[in-house]
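# Need coordinates for the following:
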Amino acid sequence: MAKYKPYDYSQTVLLPVSLSDQLMPGTLEFAINTLVEERLDLSQFDKRYNNDETGRSAYDPKILLKVVLLAYSRGVVHSRKIEKACKENVIFMALTCGQQPDHSTIAAFVSTMKDEIQGLFSSVLLVCEELGLLGGSEFALDGLKLPSNASMRWSGKMADLQKKKVKIESLVGQLLEKHIEQDQKEGIDESAKERRQRHIERLQKKAAVIEKFLQDNEPKQGRQYKERRSNVTDNESATLHSSHGVVQGYNAQALVDAKHQVIVHAEAYGHGQDYLHVEPVLDGAKERLQSMGKPVDYFKGAILTADTGYHSNASIRKCEEERIDAYIPDRNYRTRDPRFSSRDEERKTRRKKFLLEDFTYDATADQWECPGSKRLRLKCRSVKQDNTLYRQYRAEASDCQDCQVWDKCIRKRMNNIKAKTLNVPIGAAGRNYSREMAAKIDSEPGRQIYPRRIGIVEPVFGNIRIQKRLDRFTLRGKLKVNIQWLLYCMVHNIEKIANFGYAPA
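Residues are numbered from 1 along each chain as shown. Reported below is the predicted structural model:
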């Protein structure tokens, strides 16, 4: 007969644990502990407390910051899960020295760091500078669109939200009628009545929330005075089109140094258009680096690469004002690159668009004739687009409705106009930064420099989103979301310090 070693779950075992031995040199938790203890000044948190003579002792901000950074490095962002880790995980126990902060303390600590988070991020960046992790000669800018703690179902223009409120109120009325009808019958299950009543109360609460939102908020204005979608739960968030689908959240921007992929500046915005962020990101990065003792012209002569979403005259002009060697291609740069010629030929064969040379000009009548033998008459003598002046010609709507070559025509329907529009360039309206950048990208140095952007900034977002599983924000409001985004970036930078081999001064 087989013989096994006996075991008894009722026995008591004493396990001697040395907390310092759990923080092994070379690990991320060791770098977090050493940085917070020796390099970060957390005295600015002291003003939060007034318990020097009376009141209960508070958790040390160093303990809370260590716990949050370690939790984020492991993809744990919810305060209740962080609290659980402090009770069950030996590494968290070592960082807290056996203390067990509750979830409300952790959540309040993170969401109220608006006055301290910038200084903490700069302190970590200063350590990166001392260790030689910053090159200062080449940077890449990109954005990561992450969902936040906001529901897309509560998004829409003000008219849409008003319709939603009316629909909910109509549903409440129907349920109330059914509720009264059921009450008049005998033998009705009381539990069913309670469930129906709770459902009615939930709908009434939703309608009240929307009504209050409509009373307290104005429509959000976008570019060209068009109304943007608002959100009842977090009106500072935006509906964003990302590679992972449409999300309700924030566009998290990061400016990354090329030498060791250290994030030098980060901020979250409630706009999906990347070209709006070049100026504020560069200004914020300059301010941060000046606070670290860097000169005002730190970015002078540095290379900056960004993808096509950042291409605009304003963005390029800002880079030139800062004397930055920027490489920001337009959306059609690949069509001019001979390396993509085979792909472009296949695309042109599959679907060819008409160009200006496909139209015939009648100088006597000042009209153009399209390939479909229809006339386009003068609509506007001077239209300015991208610092270029155009004469604008438009076809009749009736001519375009049944056109057989509609798919190959120059422009799609825009602004509910059912007729096609032809813009003929007649001259320049000032300096065209976009064309100058296109020529720069098409040059041999431009084709060599711009592709380096992928190896600089994309691994940073891959580390944050995939390796650290920090793929969403759990807070609401730009101020709180920005705190969380800076904490995410701090985790990335501290890991760079840990991998480089941080040693205390």
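# Which strand residues bridge the residue most central in space within the chain?
Nearest residue to the geometric centre of the chain (C-alpha atoms, centre = their mean): Asn251, 1.9 Å. Beta-bridge pairing for Asn251 (DSSP bridges): Lys145, Tyr269.
# ok, now which ones touch it?
Listed by C-beta atoms under 8 Å, 6 or more residues apart in numbering, the contact set of Asn251 reads 143-145, 238, 240, 268-272, 274, 277. Every C-beta, even on glycine, is put in place using the N, C-alpha and C of the backbone.
# didn't Gln253 look like it was pressed against Val281?
Yes. Under the criterion of C-beta atoms under 8 Å, Gln253 makes contact with Val281 at 5.4 Å.
# how does the chain divide into domains?
The record's domain parsing of the chain by automatic domain parsing lists 20-112, 134-149+239-329+450-482, 158-218, 338-429.
# Nearest to Lys496, out of those domains?
Closest approach to Lys496 among those is made by domain 134-149+239-329+450-482 (5.5 Å; C-beta to C-beta).
# so where do the strands sit in the stretch 401-505 of the chain?
421-428 (DSSP state E, counting those that start in this stretch).
# Which stretches in it count as helices?
Ranges of helices within the stretch 401-505 of the chain are 433-442, 444-449, 452-462, 478-500, based on DSSP state H, counting those that start in this stretch.
# chain center to the first one: distance?
Mean C-alpha position of helix 433-442 versus that of the full chain (C-alpha atoms, centre = their mean, to the nearest Å) differs by 27 Å.
# Sort out which residues of that helix are buried, please.
433-434, 437-438, 440-441 (16 or more other C-beta atoms under 10 Å).
# any weak-confidence spans in the stretch 351-500 of the chain?
Within the stretch 351-500 of the chain, the stretches with pLDDT under 70 are 351-352, 384-387, 399, 401-402, 404-408, 410-419, 426-430.
# let me fix that: the chain
Where the chain drops to pLDDT under 70, the residues are 183-189, 224, 341-352, 384-387, 399, 401-402, 404-408, 410-419, 426-430, 501-505.
# what about Asp60, how many neighbours?
Applying other C-beta atoms under 10 Å, we find 16 residues neighbouring Asp60.
# how far away is it from Val424?
70 Å (C-beta to C-beta, to the nearest Å).
# just Ser315 next, same as before
Counting by C-beta to C-beta - Ser315 and Val424 are separated by 27 Å.
# of these two, who's got more company?
Ser315 (26 against 16).
# Let's verify the more buried one: helix, strand, or coil?
Counting by DSSP: H, G, I helix; E, B strand; the rest coil, the backbone at Ser315 sits in helix.
# residue contacts, it?
Counting by C-beta under 8 Å, 6+ apart, Ser315 makes contact with 275, 278-279, 306, 326, 328.
# between those residues, which is nearest Gly462?
Nearest to Gly462 among those, with distances taken as C-beta to C-beta, is Ala306, at 17.6 Å.
# which residues in the stretch 201-350 of the chain form helices?
278-291, 313-321, 341-350.
# which residues touch the longest one?
This means helix 278-291. 118, 121-122, 125, 141, 253, 255, 264-265, 267, 269, 296, 298-299, 306, 310, 312, 314-315, 318-319, 322, 324.
# Whichever of these end up buried, select them in ChimeraX.
Buried residues among these (16+ other C-beta under 10 Å), as a ChimeraX selection:
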select :118,121,122,125,141,253,255,264,265,267,269,298,299,306,310,312,315,318,319,322,324
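# taking the contacts of helix 278-291 one by one, which sit in strands?
141, 253, 255, 264-265, 267, 269, 306 (DSSP state E).
# Next, format those as TSV and append distance to Glu369.
Formatted as TSV, the ones in strands among the contacts of helix 278-291 follow (distance: C-beta to C-beta, whole Å):
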residue	distance to Glu369
Leu141	45
Gln253	47
Leu255	50
Val264	55
His265	53
Glu267	51
Tyr269	46
Ala306	41
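# what's the farthest-apart pair in these?
Comparing all pairs in those by C-beta to C-beta, the longest separation belongs to Val264 and Tyr269, at 17.1 Å.
# How much space separates Gly446 from Ile316?
13 Å.
# now Asp234
Distance from Asp234 to Ile316, counting by C-beta to C-beta: 32 Å.
# got it, and Ile454?
Ile454 is 21 Å from Ile316, where distance means C-beta to C-beta.
# Check the burial of Pro371 by counting its neighbours.
Pro371: 14 neighbours (other C-beta under 10 Å).
# check contacts around the nearest residue to Thr233 once chain neighbours are set aside.
Among residues not flanking Thr233 along the chain, Ala150 sits closest, at 4.5 Å (C-beta to C-beta, 6 or more residues apart in numbering). By C-beta under 8 Å, 6+ apart, the contact set of Ala150 is 231, 233-234, 237, 248-249, 476.
# If we use 6 Å, what do you get?
The neighbourhood of Ala150, defined by C-beta atoms under 6 Å, 6 or more residues apart in numbering, consists of 231, 233-234, 237, 248.
# Give me the spatial nearest neighbour of Arg323, chain neighbours excluded.
Spatial nearest neighbour of Arg323, chain neighbours left out: Lys300 (4.5 Å); criterion: C-beta to C-beta, 6+ apart.
# thought that neighbour was touching Glu322?
No. The criterion here is C-beta atoms under 6 Å, and Lys300 misses it with Glu322 at 7.2 Å.
# Now for the spatially closest residue to Lys318 that is not a sequence neighbour, how many residues are close by?
Closest residue in space to Lys318, ignoring its immediate chain neighbours: Glu279 at 4.7 Å, by C-beta to C-beta, 6+ apart. By the other C-beta under 10 Å criterion, the neighbourhood of Glu279 contains 16 residues.
# how near is Glu279 to Arg476?
Separation of Glu279 from Arg476 (C-beta to C-beta): 26 Å.
# circling back: mind checking what secondary structure the residue nearest to Thr233 has?
Assigned state for Ala150: coil (three-state reduction, three-state DSSP).
# measure the residue lying closest to Ile316 once chain neighbours are set aside to Lys286 for me?
Leaving out its chain neighbours, the residue that sits closest to Ile316 by C-beta to C-beta, 6+ apart is Tyr433, at 4.1 Å. For Tyr433, the distance to Lys286 equals 21 Å [C-beta to C-beta].
# and what of Asn313?
Taking C-beta to C-beta, one finds Asn313 at 21 Å from Lys286.
# Ser243 now?
Computed as C-beta to C-beta, the Ser243 to Lys286 distance reads 30 Å.
# and if you look at Ile454?
Taken as C-beta to C-beta, the span from Ile454 to Lys286 is 25 Å.
# Looking at those two, which one has more neighbours?
In this view Ile454 and Lys286 are compared by other C-beta under 10 Å, and Lys286 has more residues nearby, 18 against 13.
# contacting residues for the residue of the chain most remote from its centre?
In the chain, the residue that sits farthest from the middle, by C-alpha atoms, centre = their mean, is Met1; the gap is 65.3 Å. Counting by C-beta under 6 Å, 6+ apart, Met1 makes contact with nothing.
# same check, this time on Lys496
So Lys496 contacts 133, 260, 262 (C-beta under 6 Å, 6+ apart).
# and which of those is nearest His199?
Taking C-beta to C-beta as the measure, His199 lies nearest Val262 of the contacts of Lys496, at 52.4 Å.
# for stretch 293-307, how far is the first residue from the last?
Using C-alpha to C-alpha, to the nearest Å, the end-to-end distance of stretch 293-307 comes to 30 Å.
# Other residues contacting it?
The contact list for stretch 293-307 (C-beta under 6 Å, 6+ apart) reads 137-141, 289, 322-328, 450, 453.
# Looking at the residues you listed, which is nearest Tyr9?
Closest to Tyr9 out of the contacts of stretch 293-307 is Ala140 (55.6 Å), distances taken as C-beta to C-beta.
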